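**Student:** Let me see the structure of the following:
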Amino acid sequence: MKNIRDEAIVWTQLVTFIVIWVVILQLTKTPLQINIEAVKKLPDVVTVYMILYFLFTHWGWRLPIFRGWLVPFPDLTGTWEGSLTTTWKNPESGETPSPIDIRLVIRHHFNRISCVVYTAESMSWSTAGTLYSNDDDAIKRLSYTYINQPKASVRDRSSISNGAAVFRIIEGRRLEGQYWTDRTTTGDMVLTLKGRSTRETS
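**Tutor:** All right, here's what the predicted structure looks like:
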């Protein structure tokens, strides 16, 4: 998963490196010219650059100042709550169940994302996830594959399954999407961000 714009990263890295180099030369009272004394400062420049890179990938990328032009996706970390509407029909009654309350816990890091969904009867956890945006519509999306594990008490009618989900990210605080599983079930989900906590409680 790449949580940074390709067209901006090269120039950002180059400008950052040069600025660090100039600052170090100024602090050490080294003339601003390419010579052996300036080249000797390169190890210090690399060290500072790596420290800044570490800070950016762990915390800095979430700052509003980088949003849009460098970091295209909002920070989705937090607890999301909403409902799931399934297209599955009871083979005996021919009816579809009422919407199901769900809770989605997202842990969003700079280069990875994980999702855990809780319902009254099961828990699902992602095995792979990504964020992407189509050039045609500029809509930001979250997609992931997952394993669903129902509680033992309902395992006779609801077996463990694999599935996938795709969400449209709306202003960083609402998710609308669909899911499907290898049990040929599908459905729609709508979730709203309730808080930044990622405590996974059933």
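
**Student:** Sketch out the helices for the protein, chain order is fine.
**Tutor:** Secondary structure of the chain (DSSP state H): helices located at 6-27, 36-39, 42-58.

**Student:** Over the shortest one, what's the mean pLDDT, rounded is fine.
**Tutor:** Spelled out, that is helix 36-39. The average pLDDT within helix 36-39 is 93.

**Student:** buried residues in that helix?
**Tutor:** Neighbour counts over helix 36-39 (16 or more other C-beta atoms under 10 Å) mark Ala38 as buried. For the C-beta atoms, the positions are set from N, CA and C on the backbone; glycine is no exception.

**Student:** do stretch 22-33 as well
**Tutor:** 24-25.

**Student:** got it, and stretch 166-173?
**Tutor:** Buried residues in stretch 166-173 (16+ other C-beta under 10 Å): 167, 169.

**Student:** pLDDT on it, on average?
**Tutor:** 96.

**Student:** Can you show me the CA trace of that stretch as PDB?
**Tutor:** C-alpha atoms of stretch 166-173 as PDB (Å, rounded to 0.1, in the frame of the first residue of the first chain):
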ATOM      1  CA  VAL A 166     -14.700  -2.400  -0.900                       C
ATOM      2  CA  PHE A 167     -15.600   0.900   0.600                       C
ATOM      3  CA  ARG A 168     -15.900   4.400  -0.800                       C
ATOM      4  CA  ILE A 169     -14.300   6.900   1.600                       C
ATOM      5  CA  ILE A 170     -16.500  10.000   2.100                       C
ATOM      6  CA  GLU A 171     -14.700  13.000   3.700                       C
ATOM      7  CA  GLY A 172     -12.700  10.700   5.900                       C
ATOM      8  CA  ARG A 173     -15.600  10.100   8.300                       C
END
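
**Student:** what's the spacing between that stretch and its chain's center?
**Tutor:** 11 Å (C-alpha atoms, centre = their mean, to the nearest Å).

**Student:** just the strands in the chain please.
**Tutor:** Here the chain has its strands, by DSSP state E, at 78-86, 100-108, 113-118, 122-133, 140-150, 161-170, 174-181, 186-195.

**Student:** Pull the residues that contact the second one.
**Tutor:** Residues outside strand 100-108 that contact it (C-beta atoms under 8 Å, 6 or more residues apart in numbering) are 75-86, 113-120, 175, 189, 191, 198-200.

**Student:** how about low-confidence regions in this structure?
**Tutor:** The model of the chain has pLDDT under 70 over residues 1-2, 135-137, 200-202.
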